[in-house]
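In: just a sequence and a predicted model for now, questions to come.
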Amino acid sequence: MITQITRLLDASQTRKARAFVEQAEFVEGKATNRGSNIKNNEQISENDSDQSEIGRIVVQALLNNDDVLNTAFPRGVPSPTFSRYQPGMYYGLHMDEAIMNTKPKPLRTDLSVTVFLSSGDEYDGGELELWTGTEPQLVKLDAGDAVIYPTGLIHQVRPVTRGTRYAAVTWIQSQIPELKHRQVLSHYYQLVARMGHKADETDRLLMESVRTGLYRMWMEL
Ligand SMILES: O=C(O)CCC(=O)C(=O)O
Ligand SMILES: [Fe+2]
């Protein structure tokens, strides 16, 4: 299940994040993935003191978004990494790490998140390519939009051939570790959104019984 979120960041949050990345100092992305010959991008140095403030805006936007809550069921979201791809830069086919060594607790990466900070017309190439089946799926969204995909997918950022691609990248540990379970629950929420207004008192009780029953079976505390 791939979730695309239009305007995860509102206009003012997008402007703020964009202004931040435009003035920030970037270092080679390899710094956080040594020995990698597939990673050819740039990231903001971990010592940048403004990074955590803008990171908090992105994390809060994810945690306040109904589509994120009802498809990802987030338990933990680490502060994002901000990246920049200039012409010739790319991040070749790879698989993200299973565990992030975040503080105070390490986090299992169930879902990967890209928040786009450049609009599609500002650069050529630079698509996020996801291996979902026989044909790769290409994702290129507008500034402020986000895509969330299962971390188990092989993926890459194709080479940028013109302009600059800015993005914030992070991961989600889900309260529902199993992808199929998340899918069923998110369909349940869609069903309630579509039909809930027609429900009488008994229907509502039965709906609550289904929801709490599924949570009890599938939710990891
Ligand atoms: O920038 C992106 O869209 C994804 C980057 C990525 O795959 C990663 O940081 O692991
Ligand atoms: Fe990745």
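Out: Received it, and whenever you're ready, just let me know what you need. Numbers count the residues shown, from 1 in each chain. Ligands and ions are numbered 1, 2, ... in the order given.
In: report the contact partners of the spatially closest residue to F82 that is not a sequence neighbour.
Out: Of all residues not flanking F82 in the chain, I44 sits nearest, at 4.6 Å (CB to CB, 6 or more residues apart in numbering). All C-beta spots, glycine's among them, are computed from the backbone N, C-alpha and C. Counting by CB atoms under 8 Å, 6 or more residues apart in numbering, I44 makes contact with 21, 24-27, 51, 81-82.
In: just the buried subset of those residues, please.
Out: Listed as buried from the contacts of I44 are 21, 24, 26, 51, 81-82; burial here means 16 or more other CB atoms under 10 Å.
In: residue of the chain nearest ligand 1, please.
Out: T114 (3.5 Å; CB to the nearest ligand atom).
In: mind checking which helix or strand that residue is in?
Out: According to DSSP states H and E, T114 maps onto strand 111-116.
In: follow-up on the earlier one: so can I have TSV of the buried ones among the contacts of I44 showing secondary structure?
Out: Converted to TSV, the buried ones among the contacts of I44 look like this (DSSP: H, G, I helix; E, B strand; the rest coil):
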residue	secondary structure
V21	helix
A24	coil
F26	strand
Q51	helix
T81	strand
F82	strand
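In: looking at those residues, which is nearest E97?
Out: T81 (12.4 Å; CB to CB).
In: who does that closest one bridge with?
Out: V169 (DSSP bridges).
In: quick one, what contacts it?
Out: Going by CB under 8 Å, 6+ apart, T81 touches 32, 43-44, 168-170.
In: next one: I99
Out: I99 neighbours (CB under 8 Å, 6+ apart): 106-109.
In: out of the residues you listed, which is most surrounded?
Out: Counting neighbours by other CB atoms under 10 Å, T109 leads the contacts of I99 with 21 neighbours.
In: you'd agree it is up against D96?
Out: Yes: proximity of T109 to D96 meets the contact threshold set by CB atoms under 8 Å, at 5.7 Å.
In: tell me, how many residues neighbour L179?
Out: Count around L179 with other CB under 10 Å applied: 14.
In: report the contact partners of it.
Out: Taking CB under 8 Å, 6+ apart, we find L179 in contact with 1, 150, 152.
In: need phi/psi at the closest residue to Q4 other than its chain neighbours.
Out: Excluding the flanking residues, the one nearest Q4 by CB to CB, 6+ apart is V147, at 5.2 Å. Note on V147: backbone dihedrals following degrees, to the nearest 10 are phi -130, psi 140.
In: let me see the contact set for the residue nearest the centre of the chain.
Out: A centroid search over the chain (CA atoms, centre = their mean) returns V113, at 1.3 Å, as the residue closest to the centre. By CB under 8 Å, 6+ apart, the residues touching V113 are 62, 77, 80, 146-148, 169-172.
In: now the one helix or strand Y188 maps to against strand 111-116, angle please.
Out: Taking DSSP H and E as the definition, Y188 sits inside helix 179-195. Here the directions of helix 179-195 and strand 111-116 differ by 60 degrees (axes from the mean of the first three to the mean of the last three CA atoms, to 10 degrees).
In: averaged pLDDT, helix 179-195. What do you get?
Out: Summarised as a single mean, pLDDT over helix 179-195 is 96.
In: again with stretch 124-137
Out: 96.
In: the closest residue to S174 other than its chain neighbours: neighbour count?
Out: Of all residues not flanking S174 in the chain, D110 sits nearest, at 4.2 Å (CB to CB, 6+ apart). When neighbours are defined as other CB under 10 Å, D110 has 24 of them.
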